[in-house]
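Undergrad: Sequence isn't available, so here's the structure alone:
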Ligand SMILES: Nc1ncnc2c1ncn2[C@@H]1O[C@H](COP(=O)(O)OP(=O)(O)OP(=O)(O)O)[C@@H](O)[C@H]1O
Ligand SMILES: [Mg+2]
């Protein structure tokens, strides 16, 4: 397929130009390890490392993908090289899938670094790996598409950074990772249930420790819905704003 | 191939009057131009909010020709190219490119066209070779073929030494050349060039013009924009004049040349000035002429038909004015343009920087 070739080339180029650059590789490794250590150290009692794993994985993915995609796309827009892609005979959907697949893969790798670290500390038997991969993938996809949504909304690279944090930090506190959702002030709880990360974390909890609160099917559907929704809105906005 | 078939007269007189030689040389250049329209544009419009940047333009480009869009800054040239290439969506109108709907089927059309934007849009951090290979892959070219093409183009554009340098280390002229190479790597049928020589030095501009003519000689239809009248004249078979979003005239260079030949002008260099009354006297004596006193010792007489010198010589003699020289001049294309289009040449020449010629 002709456009299949273009898809792989874009993906390969992004991997080489952005994701496999040494600073990003080290970020991808150091960041999850720091998160893991932070969680382990802040707890007074010896913690169950397995309990921490879903949260650390989710955060690693969130931080690895959202701003990464928002920044690289904004950067390419500023340097006008993105126009070259818009001018190529490849459909906008396929083009945006190619652009996001790199970030999604980067997120997947980020998520499994903590798993690797933790596997030296505790026994990981009983983990539903298939569901874990599905969960991580869905979190990676939603966070990446959130990055895409941000990229379409900003013009400057620094705005992409700031805007990413605007979404990310509230998400960390509201998704039930630090504070269980039912301990949050009553009026804040609905916001928690609006966040895709809430469902992602719960899905991972279920897959790793069988301790999720929400229904598995619900989480899967919500995450899938967010993925499709964010992608569709973003592509629609790109068509409207960038093919002006 | 090699030198363009119609070469701009480098030795053109300072006042821009054009010589018969240039006109003759232009007549051989229509070889390879067909009558088949490859781009057809009907009543194309583009609005940005309340501002209409392109106001219902219609034109067609024939297969095999070099069509130039000439106009001042802000005329709507880039906006038109963007609509033709799929970067901007027309507010209204029709675009047919190579028989396909240029709006609905733009992705299919994009396979056939090459685009060189006014500013380079390659990847700074990638080297020249990788940039070319990547661009080729966007058009579905197989590995072996795209690598071969990339090497060939680097050689053809005298960039072989720069092939493994990052794009950001290139000079402006090199960047423009590589951007052109990237635009033609997939051997498009139609090439769009937005101000290919703006902002680069004289020698690079010359090389680029030569490349454009060579490409055209090999059969590529070329649509270019420029605000250099000389460039349009030198390169293009036909020129569309655009100003404030409207096309004021589309004409072949040859037709314009012929038009330019219609009006005849003779310039008399005189020894003793006749003053303003000389002009009046001339107008009284000769009908159907216009008179322009260029300086106290030079006067120009223009007429729609051939000017006989003898009656004028006699007239000056009778007035006691010694004529040192009589030169037959033809109006320059610039003058014809101004007359036809109302575009001020000075406005056209307002540059965004950089060299021409
Ligand atoms: N995205 C946009 N939003 C609003 N106005 C625009 C936009 N793009 C172009 N314009 C306006 O449309 C008009 C035509 O612009 P365009 O870039 O097509 O001119 P041009 O002929 O290419 O000029 P130049 O020789 O300077 O490149 C200008 O007045 C410009 O300000
Ligand atoms: Mg322009």
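TA: Okay, I see it. This structure is a prediction, so every number in the text was calculated from the model and none was measured. Ligands and ions are numbered 1, 2, ... in the order given.
Undergrad: Residue A:70: neighbouring residues, count only.
TA: Burial of residue A:70 is recorded as 29 neighbouring residues (other Cβ atoms under 10 Å in any protein chain shown). The way it works is simple: take the backbone N, C-alpha and C, and place the C-beta from them, glycine included.
Undergrad: same question but for residue B:294, I mixed them up
TA: 12.
Undergrad: And it, how far from residue A:238?
TA: From residue B:294 over to residue A:238 the distance is 59 Å, taken as Cβ to Cβ, to the nearest Å.
Undergrad: same check, this time on residue B:245
TA: From residue B:245 across to residue A:238, the span is 26 Å (Cβ to Cβ).
Undergrad: neighbour count winner among these two?
TA: The neighbour comparison of residue B:245 against residue A:238 (other Cβ under 10 Å) goes to residue B:245, with 23 against 20.
Undergrad: That one touches residue B:48, doesn't it?
TA: No: using Cβ atoms under 8 Å as the test, residue B:245 is too far from residue B:48 to be in contact (10.7 Å).
Undergrad: Any part of stretch B:87-94 near chain A?
TA: Yes: against chain A, stretch B:87-94 shows contacts by Cβ under 8 Å from any Cβ of the partner chain at B:87-89.
Undergrad: Could you name the helices and strands sitting against the helix-or-strand element of chain A with minimal mean pLDDT?
TA: One helix or strand of chain A scores below all others by mean pLDDT, DSSP states H and E: helix A:22-42, with a mean of 76. Where contact means 3 or more Cβ pairs under 8 Å, 6 or more residues apart in numbering or on different chains; DSSP states H and E, helix A:22-42 is packed against helix A:49-78, helix A:92-119.
Undergrad: Enumerate the residues of chain B near chain A.
TA: Counting by Cβ under 8 Å from any Cβ, the residues of chain B close to chain A are B:48, B:85-89, B:107-108, B:110-111, B:115, B:117, B:119-126, B:134-135, B:137-142, B:182.
Undergrad: Show me those residues that map onto strands.
TA: Residues of the residues of chain B next to chain A located in strands (DSSP state E): B:48, B:115.
Undergrad: Can you tell me which of the residues of chain B next to chain A end up in helices?
TA: Counting by DSSP state H, these place B:85, B:107-108, B:110, B:134-135, B:137-138, B:182 in helices.
Undergrad: filter the residues you listed to the buried ones?
TA: B:85, B:110, B:134-135, B:137-138, B:182 (16 or more other Cβ atoms under 10 Å in any protein chain shown).
Undergrad: quick check, distance from stretch B:85-100 to the centre of its chain.
TA: 22 Å (Cα atoms, centre = their mean, to the nearest Å).
Undergrad: In it, which residues are buried?
TA: Counting neighbours by 16+ other Cβ under 10 Å, one finds that the buried residues in stretch B:85-100 are B:85-88, B:90, B:93, B:95-98.
Undergrad: Specify which member of the buried ones among the ones in helices among the residues of chain B next to chain A is nearest to residue B:277.
TA: Nearest to residue B:277 among those is residue B:85, at 59.6 Å by Cβ to Cβ.
Undergrad: State the pLDDT value of the closest one.
TA: At residue B:85 the predicted local confidence, pLDDT, stands at 97.
Undergrad: In three-state terms, label the closest residue to residue B:114 other than its chain neighbours for me.
TA: Distance criterion Cβ to Cβ, 6 or more residues apart in numbering or on different chains; nearest residue to residue B:114, sequence neighbours excluded, is residue B:188 at 3.5 Å. At residue B:188 the chain is in coil, as set by DSSP: H, G, I helix; E, B strand; the rest coil.
Undergrad: what's the distance between residue B:188 and ligand 1?
TA: Noted for residue B:188: a distance of 21 Å to ligand 1, by Cβ to the nearest ligand atom, to the nearest Å.
Undergrad: Number of residues surrounding that residue?
TA: Neighbours of residue B:188 (other Cβ under 10 Å): 19.
Undergrad: For residue 198, grab the count of nearby residues.
TA: I went with chain A, as the question did not name one. Residue A:198: 24 surrounding residues under other Cβ under 10 Å.
Undergrad: my bad, the chain I had in mind was chain B
TA: Residue crowding around residue B:198 was assessed by other Cβ under 10 Å; the count is 21.
Undergrad: Okay, now the unreliable bits of the chain?
TA: If you meant another chain, say so; for now it's chain A. Applying pLDDT under 70 to chain A flags the ranges A:1-2, A:40, A:42-47.
Undergrad: My question was about chain B, not that one.
TA: Residues of chain B that meet the criterion pLDDT under 70 lie in B:1-31, B:257, B:260-261, B:272-274, B:330-337, B:339-357.
Undergrad: Return the residues of it in contact with ligand 2.
TA: B:77-78 (Cβ under 5 Å from the ion).
Undergrad: which phi and psi does the residue in chain B positioned nearest to chain A have?
TA: Here the residue of chain B nearest chain A is residue B:140; by Cβ to the nearest Cβ that distance is 3.2 Å. Per-residue torsions, residue B:140: phi 80, psi 20 (degrees, to the nearest 10).
Undergrad: Repeat that for residue B:268.
TA: Residue B:268 adopts backbone torsions of phi -100, psi 130, taken as degrees, to the nearest 10.
Undergrad: Likewise for residue B:241?
TA: Torsion angles at residue B:241 (phi, psi; degrees, to the nearest 10) stand at phi -100, psi 120.
Undergrad: Kindly report the same for the one 4 residues further on.
TA: Backbone geometry at residue B:245, expressed as degrees, to the nearest 10, gives phi 80, psi 10.
Undergrad: got the contact list for it?
TA: B:46, B:52-55, B:57, B:75-76, B:79 (Cβ atoms under 8 Å, 6 or more residues apart in numbering or on different chains).
Undergrad: repeat for residue B:52
TA: B:45-46, B:91, B:245.
Undergrad: now do 6 Å
TA: Counting by Cβ atoms under 6 Å, 6 or more residues apart in numbering or on different chains, residue B:52 makes contact with nothing.
Undergrad: Give me the buried stretch members for the helix ranked longest in chain B, please.
TA: Longest helix in chain B, counting residues (DSSP H): helix B:202-217. Across helix B:202-217, burial judged by 16+ other Cβ under 10 Å covers B:204-205, B:207-209, B:211-213, B:215-217.
Undergrad: Ok, stretch B:302-311 next?
TA: Using 16+ other Cβ under 10 Å as the test for burial, stretch B:302-311 gives B:302-303, B:307.
Undergrad: And it, end to end?
TA: 14 Å (Cα to Cα, to the nearest Å).
Undergrad: Excluding its own residues, what touches that stretch? List them.
TA: Contacts for stretch B:302-311 (Cβ under 6 Å, 6+ apart): B:263-266, B:288-290, B:326.
Undergrad: Quick one: neighbours of the spatially closest residue to residue A:242 that is not a sequence neighbour, just the number.
TA: If the residues on either side of it in the chain are set aside, residue A:242 comes closest to residue A:86, at 6.5 Å by Cβ to Cβ, 6+ apart. Per other Cβ under 10 Å, the neighbour tally for residue A:86 reads 18.
Undergrad: same check, this time on the one 10 residues further on
TA: Other residues within reach of residue A:96, judged by other Cβ under 10 Å, total 21.
Undergrad: Leaving aside the residues adjacent along the chain, what's closest to it?
TA: Per Cβ to Cβ, 6+ apart, closest to residue A:96 is residue A:235, 5.5 Å.
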